[in-house]
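>>> sharing a model that was predicted from the sequence below.
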Amino acid sequence: MKRIWFGVGLLVALLVLGILSSNFMERTHLTQAEDLNRAAELAASGNWPAAVDSYSAAKEAWDRKQFLVAALCKHEPIDQIEGLFAQLEVSAAARNSESFSSTCVYLARQLEALGKSHSLSLENLL
């Protein structure tokens, strides 16, 4: 009988860890996507210092949480997102607002998709 309770406790712990990691992934990537969308709008309006600040906030959040993100998902999307962040740095240095804005929007969509792909939803369970 004691073995059953150990198994039940282990399953509950795994369920709680799964829910926490799901919330972490969704919350992290949606916040970064909001920062990038804001950076795209600011760059399109010509406010480069604020656009670079908003982009930098998203990049710093990505760098801080990348270790956990890499542990929770496949590496192919991570590599693609890293490449898009590098492309943003080049566009920001060149002050190319069209390229910067479009890359910000595309990167934001990629981050939203990555966050939603790990969310706890019926769509992801099936």
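Arrived safely.
>>> what residues of stretch 93-107 count as buried?
Ser97, Ser99, Phe100, Ser101, Thr103, Cys104, Val105, Leu107 (16 or more other Cβ atoms under 10 Å). Where you see a C-beta, it was placed from the backbone N, CA and C, and this is true even at glycine.
>>> lowest-confidence helix or strand of the chain?
Least confident element among the helices and strands of the chain, by mean pLDDT, DSSP states H and E: helix 122-125 (a mean of 62).
>>> looking at the buried residues of stretch 93-107, which are in helices?
Helix and strand membership here follows DSSP state H; of those, those in helices are Ser97, Ser99, Phe100, Ser101, Thr103, Cys104, Val105, Leu107.
>>> out of the buried residues of stretch 93-107, which is nearest to Asp79?
Closest approach to Asp79 among these (Cβ to Cβ): Leu107, at 13.1 Å.
>>> need the contact list for that closest one.
Counting by Cβ atoms under 8 Å, 6 or more residues apart in numbering, Leu107 makes contact with Leu36, Ile81, Leu84, Phe85, Leu88.
>>> min pLDDT across these, which one?
The lowest pLDDT within those belongs to Ile81, with 85.
>>> which residue is the nearest non-sequential neighbour of Arg109?
Distances taken as Cβ to Cβ, 6 or more residues apart in numbering place Ala33 nearest to Arg109, at 7.5 Å, with adjacent residues excluded.
>>> would you turn the ones in helices among the buried residues of stretch 93-107 into TSV with pLDDT?
TSV is the format used below for these (pLDDT from 0 to 100):
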residue	pLDDT
Ser97	85
Ser99	89
Phe100	90
Ser101	90
Thr103	92
Cys104	92
Val105	92
Leu107	92
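>>> show me which of the residues you listed is closest to Arg3.
Leu107 (48.7 Å).
>>> if we can go back for a sec, of all the ones in helices among the buried residues of stretch 93-107, which two lie farthest apart?
For these, and using Cβ to Cβ, no pair is farther apart than Ser97 and Leu107, which are 15.3 Å apart.
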